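Q: coords below, sequence missing:
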């Protein structure tokens, strides 16, 4: 039983790291696109605004998920301490 908790915690930590990398990747893509598109028409600006909003939504969702993962890690660690 103790082995399962360890595996679960490692899995959660790896999942958290992947979320952080994905978030950083999205931010970089947003910055690169912003730099590439210098002169924008009105339609392009609207598309860009929508894209930015989507990236922010994803980022916010990932931040919330990261908080949940940290909470789960804490719960699992506390349970593991009680089992010992």
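A: That came through fine. As the structure is a prediction and not an experimental result, all values here were calculated from the model.
Q: Which strands or helices does the longest helix seen in the chain pack on?
A: Counting by DSSP state H, the longest helix found in the chain is helix 42-83. Applying 3 or more C-beta pairs under 8 Å, 6 or more residues apart in numbering; DSSP states H and E, we find helix 42-83 packed against helix 2-36. Quick note: C-beta positions are derived from backbone N, CA and C, even for glycine.
Q: Please identify the buried residues of the helix it packs on?
A: Under the neighbour-count criterion of 16 or more other C-beta atoms under 10 Å, helix 2-36 has 12, 16, 19, 23, 26, 30 buried.
Q: Tabulate those (a markdown table), appending pLDDT and distance to residue 80.
A: What follows is the buried residues of helix 2-36, written out as a markdown table (pLDDT from 0 to 100; distance: C-beta to C-beta, whole Å):
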| residue | pLDDT | distance to residue 80 |
| --- | --- | --- |
| 12 | 75 | 13 |
| 16 | 76 | 18 |
| 19 | 80 | 23 |
| 23 | 84 | 28 |
| 26 | 82 | 33 |
| 30 | 78 | 39 |
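Q: Now tabulate these in JSON lines and tack on distance to residue 65.
A: JSON lines is the format used below for the buried residues of helix 2-36 (distance: C-beta to C-beta, whole Å):
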{"residue": "12", "distance to residue 65": "11"}
{"residue": "16", "distance to residue 65": "9"}
{"residue": "19", "distance to residue 65": "6"}
{"residue": "23", "distance to residue 65": "10"}
{"residue": "26", "distance to residue 65": "14"}
{"residue": "30", "distance to residue 65": "19"}
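Q: Okay then, goodbye and thanks.
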